[in-house]
Every structure is written in structure tokens, then in C-alpha cells.
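Engineer: Got a predicted model here, sequence first, then my questions.
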Amino acid sequence: MKFRRWIAKRHHLDRRIFGKTAPEAACPATALTVVDLKGGESAEVLGLGGDSPARRNNLAVFGLVPGCEVRLLQRYPSFVVRVGETILALEDDVARDIVVRRMEASVAMSG
């Protein structure tokens, strides 16, 4: 019985953090995707879209979760972002699923 309650809580937490409703719940007027950023811009991740929970979990392993800060380092031939001390190369469809909000210049990550 404890295991079932844990699974139910885990499912609720995953839906709340990684669910499709997260980007819409965040500020939709300022919501963009990584594809919309210019090289060198920093942004806060609002949510991870797409239909694949496996993809969302794989990105989360590298620290790409709602609330984290990302910096777009490169756009071509693939999107390259920095998340903390991790640098990730993303395919176009993955970059389109990451919903972000541009950061103010004064709070943007240095380096």
C-alpha cells in the first residue's frame, strides 16, 4: 500500500513539474522557446513541453528543469546551451520543446 501512495505522489509531482500545463501556467506573454533566443542570451526555463516523458527526464538529469537558468551559446549547426556547469547540444525539435523567459540583463548569468 505504501508503494502505491508513493507512485501516486511521484506521478503528481512529475505532472506538476514536467507536465504539459507548466508552460501555459507560466507567463504566456513572455514565453519563448530556446529557438527564439539569440546567441549569448540567458533565460529562465518555464517548462518542458513535448509528449515524451523520457525526453523530459533525460533533460532533467542534466539539470534542465523549470526554474533553472540557461544561456544559449550557439545556434548552428545545433543549439548549444549552458545549464550551470553543463553544456548541452540540442537538436532543433528538443530546443523547440523548452519554454523559457528572457532574463533581465542585471540578473543574467556571468561568464
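Structural biologist: Nice, I can see it.

Engineer: can I assume Arg101 sits in a strand?
Structural biologist: Yes: under DSSP: H, G, I helix; E, B strand; the rest coil, Arg101 falls within a strand.

Engineer: What is the neighbour count of it?
Structural biologist: Using other C-beta atoms under 10 Å, Arg101 has 14 other residues around it. C-beta: built from backbone N, CA, C; applies to glycine.

Engineer: That one and Glu44, how far apart?
Structural biologist: Distance, Arg101 to Glu44, by C-beta to C-beta, to the nearest Å: 5 Å.

Engineer: got it, and Pro66?
Structural biologist: 9 Å.

Engineer: Tell me which of those two has more neighbours.
Structural biologist: Taking Pro66 and Glu44 together and counting by other C-beta under 10 Å, Pro66 has the greater number of neighbours (20 against 17).

Engineer: Checking my notes, the more buried one in a helix, right?
Structural biologist: No: read with three-state DSSP, Pro66 is coil and lies in no helix.

Engineer: in terms of contact, does it touch Ala43 like I think?
Structural biologist: No: here Pro66 does not reach Ala43: they are 11.9 Å apart, not a contact under C-beta atoms under 8 Å.

Engineer: okay, how far is it across stretch 73-84, tip to tip?
Structural biologist: Start-to-end span of stretch 73-84 (C-alpha to C-alpha, to the nearest Å) is 13 Å.

Engineer: now the helices for this structure?
Structural biologist: All helices of the chain, identified by DSSP state H, fall at 2-18, 21-25, 53-61, 92-96.

Engineer: What is the third one packed up against?
Structural biologist: To tie it back to what came earlier, the one meant is helix 53-61. helix 2-18, strand 42-48 (3 or more C-beta pairs under 8 Å, 6 or more residues apart in numbering; DSSP states H and E).
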